[in-house]
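Asks: take a look and give me a structure for this.
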Amino acid sequence: MPQHAPLLKPDGQIAFGSTHFCDLVGIKYDKVAGLSCFDFVVPEDMNAARELFKANRIPHKNALRSAFNDLMEPKFGLISKSLR
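Replies: Numbering: from 1, shown residues only. Here you go, the predicted model:
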């Protein structure tokens, strides 16, 4: 099943859009990263779109880094004090 939704950064900037997404919105694949999701909203809906985005935003947290940091806690003895 094709993935249509782009991957967004916390500010709404597109980090990744699949070729299928690019075909749907009519933009070249190499041009989609860096655009804003708001570039695809008509002007009369912009305020509502920004409010919805803000209301549904999850606080940014780098899950991979957090999981890695949890594994490397001193209680597990995986990192010597000289490396911390």
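Asks: OK, contacts around Phe38?
Replies: Each residue near Phe38 by CB atoms under 8 Å, 6 or more residues apart in numbering is listed here: Gly12, Met46, Ala49, Arg50, Phe53. Any C-beta I mention is one placed from the backbone N, CA and C, and that applies to glycine too.
Asks: oops, could you answer that again for Arg50 instead?
Replies: Listed by CB under 8 Å, 6+ apart, the contact partners of Arg50 are Phe38.
Asks: next, Ala49: secondary structure please.
Replies: Three-state call for Ala49 (DSSP: H, G, I helix; E, B strand; the rest coil): helix.
Asks: next one: the closest residue to it other than its chain neighbours from Thr19, what distance?
Replies: Closest residue to Ala49 apart from its sequence neighbours, by CB to CB, 6 or more residues apart in numbering: Val41 at 4.4 Å. Distance, Val41 to Thr19, using CB to CB, to the nearest Å: 22 Å.
Asks: between those two, which is the more surrounded one?
Replies: Remark: of Val41 and Thr19, Val41 carries more neighbours, 16 against 12, as counted by other CB atoms under 10 Å.
Asks: check what pLDDT that one gets.
Replies: You'll see Val41 listed with a pLDDT of 92.
Asks: may I have the phi/psi pair for Phe16?
Replies: Dihedral angles of Phe16 (phi, psi; degrees, to the nearest 10) stand at phi -160, psi 140.
Asks: for it, what are its contacts?
Replies: Listed by CB under 8 Å, 6+ apart, the contact partners of Phe16 are Pro6, Leu7, Val32, Ala33.
Asks: and the contacts of Phe38, which are buried?
Replies: Buried residues within those, counting neighbours by 16 or more other CB atoms under 10 Å: Gly12, Phe53.
Asks: out of the contacts of Phe38, which comes closest to Lys28?
Replies: Distance to Lys28, by CB to CB, is smallest for Gly12 among those, at 20.1 Å.
Asks: skipping its backbone neighbours, what lies nearest the closest one in space?
Replies: Using CB to CB, 6+ apart, the closest residue to Gly12 is Cys37 (4.6 Å).
Asks: can you report how many residues lie near the one you found?
Replies: Neighbourhood size, Cys37 [other CB under 10 Å]: 17.
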